[in-house]
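Participant: Curious how this folds, go ahead:
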Amino acid sequence: MQLTPAMRSFVLHWGEMGSRWGVTRTVAQVHALLYLSPDPMLADEIVEALGVARSNVSQTLKELSGWGLIKTTHVLGDRRDHFEAYKDNWYILRTIIDQRKKREIDPTRAMLNQCVAELRPTRDPAEQEINERIEGMLSFLDMLTNWYDQVAALPQDKLVKLVKAGGRISRWLA
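Facilitator: The predicted structure follows:
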């Protein structure tokens, strides 16, 4: 695949952003390339387009597959695996948020639940304040998780309306 200047800019920028999002530059660049590609790509085509090592591409494809952002497809008459990214931006957003929740928020809530179970009553004001902060953080994450679960259950058309409503919702709340 020959990258146009716009495609090159998109792939490079996506890679830079990926490092800020907590994934490697290559993971983000491969995702960007597959997102832009009109057809499923072979791993060797990805290697050629991005100029990265084959082993790096193989590992990257496994990671993107684990995130649920790409799928393996097959072409009639070709036994090799072809890869394509999901193109629906809402699907991508929901998948990334769901994966991040599972990888970051859920383990933190589990740890905080364990911490709360280990708290002991105390008369020491400093220790009471620490206990309250731990309980407060758990309560905060529980509230956000409950909100997320409700939003995640919305049909896409309603979610789009919610996002488009933006700040106008605050007027309704007032």
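
Participant: Can you list the buried residues in stretch 31-41?
Facilitator: Using 16 or more other CB atoms under 10 Å as the test for burial, stretch 31-41 gives 31-37, 40-41. Glycine gets a C-beta too; all of them are placed from N, C-alpha and C.

Participant: mean confidence for that stretch?
Facilitator: What stretch 31-41 shows for mean pLDDT is 97.

Participant: what's in contact with it?
Facilitator: Applying CB atoms under 8 Å, 6 or more residues apart in numbering, the contact partners of stretch 31-41 are 1, 3, 7, 10-11, 14-15, 18, 46, 49-50, 64, 69-70, 73, 75, 82-85, 87, 92.

Participant: Now for the buried residues of stretch 31-41: which two are most distant?
Facilitator: The distance between the two most remote of those (CB to CB) is 15.3 Å, for Ala32 and Pro40.

Participant: Which strands or helices does the helix or strand harbouring Gly66 pack on?
Facilitator: Per DSSP states H and E, Gly66 falls inside helix 54-67. Here helix 54-67 touches helix 25-36, helix 43-50, strand 70-75, helix 89-100, going by 3 or more CB pairs under 8 Å, 6 or more residues apart in numbering; DSSP states H and E.
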